[in-house]
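>>> following is a predicted model, sequence given first.
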Amino acid sequence: MPYTEDRSIWFEGQGLWAHVPAADWQDWTWQLKNRLTTVEQLERYLTLTPEEKAGCLFATHKLALAITPYFFNLIDRSDPNCPLRKQVIPRSDESVISSGEMLDSLGEDSHSPVPGLVHRYPDRVLFLVTDRCAAYCRYCTRSRLVSNAQDYNFHPEYEQALRHIEAHPEIRDVLLSGGDPLLLSDKKLDHLLGRLRAIKHVEFIRIGSRIPVFLPQRITPALCAIFKKHGPIWMSIHVNHPKEATQELKDACERLSFAGVPLGNQSVLLKGVNDDADVMQALVHRLLRMRVRPYYIYQMDLITGGAHFKVDVRQGIEIIRALRGHTTGYAVPQYVIDAPGGGGKVPINPDYVEQITDDEVIFRNFEGKRFHYPLKAVPVQENAGKVMPAEIHL
Ligand SMILES: *Cc1c(COP(=O)(O)O)cnc(C)c1O
Ligand code: SF4
């Protein structure tokens, strides 16, 4: 069945927690304190399937279970196949390790000059500043270290990392990630952004965060003031399904935008969540309405126990094909595979070019119609010495 939604509705409200004072609900520390982290807590609100129950028990050794009350409200509790439920409630499939899967599928640890700093590309670094998140995504690329369920004992070395950046003038772009950087206190973020801003060759600072989606309450005026002070700070948020685009998220994006933070979105292509052109189109349209530019759709990384989320790359390409030309160009993200072992992000987009010769390029448009664009300029009329008619403007 094609996915349809009421485009005028932006879900909001306290749902199951209607009895909680609004001041608590809107307080991000209340949301963190009241996260659902155990089978017993989940079962208070919904009936877990046997696969989910087994998954929850296994999760303690793989990637912790945690869901904020705010995000839990968005789950359809009567539907075990709810696309939001699949992202945050573990399943027994997580215990199945398939061929090609790796703990560190992007070879991040081997590209780290300092613990927590990944220097893969010539001009930019990935700076992992924490291993904690507001809630945990079952497909997380960094499951090996995030939440510390696997005893990785991640300890970012801020001073060493900053010294590496200072010592390498070729680093002009620093991407803060983790874990979720917005779980750091305002004070720590203020300090860290200030230190980075003070490095002359660092031109571009960005943050990758799913906090606006899991915990929009964290996007406080005080936090926005810090971004404004050290700006421009860019941010990539992580929305996978249109149901995550609530009134609260929209408001949080507005606060960030008004503080001068340009917003992009990264989605992970997930089976049964967003591997569908109609779902993706609804998502990218909602993103634009929230002032968010779709940036990347990721093919899932080959993490251990992730096979049940894997989508055929041909389906991903068809999703991009269904967007390009059929809707606003700003709404079309790049579909990428992060090369296994650590080759960086590589675009995997539909092929529109059929042939290129010295004479011409032959390509198809979004409707499948074929066009020729000549590459060779052959003179067909010689006008030297002639007076051109006045109405021809060359
Ligand atoms: C994704 C990533 C970046 C940023 O890549 P962009 O394509 O510039 O967004 C930088 N470093 C590492 C290690 C990454 O994985
Ligand atoms: S928010 Fe990001 S880092 Fe945290 S669990 Fe989800 S994908 Fe992983």
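Perfect, thanks for sending it. Ligands and ions are numbered 1, 2, ... in the order given.
>>> quick one, helices of the stretch 51-200 of the chain?
Listed from the start of the chain, the stretch 51-200 of the chain has helices (DSSP state H, counting those that start in this stretch) covering 69-72, 83-88, 158-167, 186-197.
>>> point out the most buried one among the ones you listed.
Among these, judged by mean count of other CB atoms under 10 Å, the one packed with the most neighbours on average is helix 69-72 (a mean of 24). From N, CA and C alone the C-beta is placed, and that goes for glycine too.
>>> one step back: okay if I get the helices of the stretch 51-200 of the chain as TSV plus distance to ligand 2?
Putting the helices of the stretch 51-200 of the chain into TSV (distance: least, CB to the nearest ligand atom, whole Å) gives the following:
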stretch	distance to ligand 2
helix 69-72	11
helix 83-88	8
helix 158-167	18
helix 186-197	17
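>>> contacts for stretch 334-350, please.
100, 102, 105-108, 110-111, 120-121, 141, 269, 295-299, 301-302, 313, 316-321, 324 (CB atoms under 8 Å, 6 or more residues apart in numbering).
>>> and the buried ones among those, selectable in ChimeraX?
In ChimeraX syntax, the buried subset of these is picked out as below (16 or more other CB atoms under 10 Å):
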select :105,106,107,108,111,120,141,269,295,296,297,298,299,301,302,316,319,320,321,324
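>>> which ones among the contacts of stretch 334-350 also lie next to ligand 2?
Cross-checking the contacts of stretch 334-350 against ligand 2 (CB under 6 Å from any ligand atom) gives no overlapping residues.
>>> show me where pLDDT drops low in the stretch 51-200 of the chain?
In the predicted model of the stretch 51-200 of the chain, no residue satisfies pLDDT under 70.
>>> what residues does the stretch 101-250 of the chain have near ligand 1?
Within the stretch 101-250 of the chain, the positions adjacent to ligand 1 are 118, 120-121, 124, 126, 175 by CB under 6 Å from any ligand atom.
>>> just these: which are in strands?
Taking DSSP state E, the ones among these that sit in strands are 118, 124, 126, 175.
>>> CSV for those, including neighbour count and distance to R289?
Compiled in CSV, those are given as follows (neighbours: other CB atoms under 10 Å; distance: CB to CB, whole Å):
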residue, neighbour count, distance to R289
V118, 22, 33
R124, 18, 30
L126, 21, 30
L175, 19, 26
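>>> and the residues you listed, which is closest to ligand 2?
Nearest to ligand 2, judged by CB to the nearest ligand atom, of these is L126 at 11.8 Å.
>>> contacts only, for the closest one.
Residues in contact with L126, defined by CB under 8 Å, 6+ apart, are 108, 117-120, 175, 177.
>>> turn these into a markdown table, including distance to F371.
Supplementary listing: the contacts of L126 in a markdown table, determined by distance: CB to CB, whole Å:
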| residue | distance to F371 |
| --- | --- |
| E108 | 42 |
| L117 | 46 |
| V118 | 42 |
| H119 | 42 |
| R120 | 38 |
| L175 | 38 |
| S177 | 41 |
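>>> number of nearby residues for R206?
As a burial measure, the neighbour count of R206 was computed by other CB atoms under 10 Å and equals 19.
>>> let me know the secondary structure of it.
What DSSP: H, G, I helix; E, B strand; the rest coil gives for R206 is strand.
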